[in-house]
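Chemist: everything below, folded, please.
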Amino acid sequence: MAVKVLVVPNYERPDAVEDAARVESWLVSEGMEVIWVPYNRLQMAQNVDLSDCCLAVSLGGDGTLLRAARTVGYSGIPIVGISYGHLGFLTCAGPQNLFKTISDALAGDLHVSRRATLQVDAEFEAPDGSTRKTSCMALNDLALSHGSLGGVVSFAVSVSGNYIDTLRGDGFIVSTATGSTGYALAAGGPIVTPEFGGMVCVPVAPHTIMARAFLTAPTDVVEICVDRERPAEACVFADGQPLGTGLRPLRVSCKRGRGDILLLDYRAQSFYGSVSRVFYGKADKQ
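Modeler: Modelled structure (predicted):
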């Protein structure tokens, strides 16, 4: 049976799609089978046969790599990212090194970085008063946010059964160390090394000067309960994808996922080197 390689392109970038087709032709000529993730940007997980798959190739930006992570889930299939996006913090190399990077990944010559995930469990209320539950995995973050009307959201935050505070603001983010350089960073959270296994909790524009970002232990469970007495619209997102669309969020809990995502990169591109390059612009000024 032929070894499979999963290809996950950013379908909104013609150059990424064209390169994905080139990769497919090359891999097929090498006796491998290539499977494509179908285009559906709003689907949380893709139903793809991953049996005998040895590698996932993401061609896009960090958002495309997150889509690849949702697709492989806890299968243990490593992901190599080729950057066509604006940021490319999670990706390994650019398209100029396309074939060499994939070849090195297939040969096992790249460094494996284990990235902790989130297990997200959410409960929603439907218009008829019934409740519905959903669960998913996230590599980056879980975000509770105000809705399209922009009203202030009121919610209580607890960690492992310990009440922290009831906050009002634009929302709340629970991120992994990987996600600390995404939405959590933009909201004022710290940059956290991928070796950290806990969660990063960041209030978004809280209506108090007392609320601050904080870190949890890897075994903690963070619970967010939305104030049912306040009519403001609220939304829930996991890795930027909406959960419970059209439903009212009641509570969301986050804990470390039962498995990790395996990201491939070159050892020379350390986490701190990427931090310097992306956020400080000092990689070329040593």
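
Chemist: grab the longest helix from the chain for me.
Modeler: Counting residues, the longest helix found in the chain (DSSP state H) is helix 14-29.

Chemist: can you list the residues that contact that one?
Modeler: Identification of contacts with helix 14-29 by CB atoms under 8 Å, 6 or more residues apart in numbering yields 5, 7, 9-11, 33-34, 36, 57, 59-60, 64, 82, 84, 95, 98-99, 102. Any C-beta I mention is one placed from the backbone N, CA and C, and that applies to glycine too.

Chemist: redo that, cut-off 6 Å
Modeler: 5, 7, 9, 10, 34, 59, 60, 84, 95, 98 (CB atoms under 6 Å, 6 or more residues apart in numbering).

Chemist: which of the residues you listed tops the neighbour count?
Modeler: residue 59 (30 neighbours; other CB atoms under 10 Å).

Chemist: do you know how far the residue nearest the centre of the chain is from residue 30?
Modeler: Nearest residue to the geometric centre of the chain (CA atoms, centre = their mean): residue 140, 3.1 Å. Using CB to CB, to the nearest Å, one gets 33 Å for the distance from residue 140 to residue 30.

Chemist: just give me the neighbour total for residue 99.
Modeler: Neighbours around residue 99, by other CB under 10 Å: 13.

Chemist: tell me which element it falls in.
Modeler: helix 98-107 (DSSP states H and E).

Chemist: what average pLDDT does that helix get?
Modeler: Here helix 98-107 scores 97 as its mean pLDDT.

Chemist: what's the answer for stretch 253-269, then?
Modeler: Mean predicted confidence for stretch 253-269 is 90.

Chemist: which outside residues touch that stretch?
Modeler: 69, 74, 78-80, 92, 105, 110-121, 137, 139, 142, 174, 218, 221-223.

Chemist: cool, and stretch 163-173?
Modeler: Contacts of stretch 163-173 (CB under 6 Å, 6+ apart): 141, 143-146, 152-154, 156-157, 183-184, 187, 202-207, 211, 224.

Chemist: ends of stretch 155-174, how far apart?
Modeler: End-to-end span of stretch 155-174 (CA to CA, to the nearest Å): 14 Å.

Chemist: ok, and for that stretch, which residues are buried?
Modeler: 155, 157, 158, 159, 167, 168, 169, 170, 171, 172, 173, 174 (16 or more other CB atoms under 10 Å).

Chemist: helix, strand or coil for the fifth one?
Modeler: Right, residue 167. strand (DSSP: H, G, I helix; E, B strand; the rest coil).

Chemist: likewise for the second one?
Modeler: Reducing the assignment to helix, strand or coil with three-state DSSP, the entry for residue 157 is strand.

Chemist: ok, it to residue 242 distance?
Modeler: Distance from residue 157 to residue 242, by CB to CB: 21 Å.

Chemist: touching stretch 148-157 from outside, list them.
Modeler: Residues contacting stretch 148-157 (CB under 6 Å, 6+ apart): 146, 164-166, 168, 171, 224-227, 230, 232-234.

Chemist: how far out from the middle of the chain is that stretch?
Modeler: 23 Å (CA atoms, centre = their mean, to the nearest Å).

Chemist: give me the buried subset of the contacts of stretch 163-173.
Modeler: Judged by 16+ other CB under 10 Å, buried ones among the contacts of stretch 163-173: 141, 143-146, 152-154, 157, 183-184, 187, 202-204, 206, 211, 224.

Chemist: list the ones among those residues that fall in helices.
Modeler: Per DSSP H, the buried ones among the contacts of stretch 163-173 map to helices at 183, 184.

Chemist: so where's this structure shaky on pLDDT?
Modeler: For the chain, the stretches with pLDDT under 70 are 1, 40-46, 87, 268-269, 282-286.
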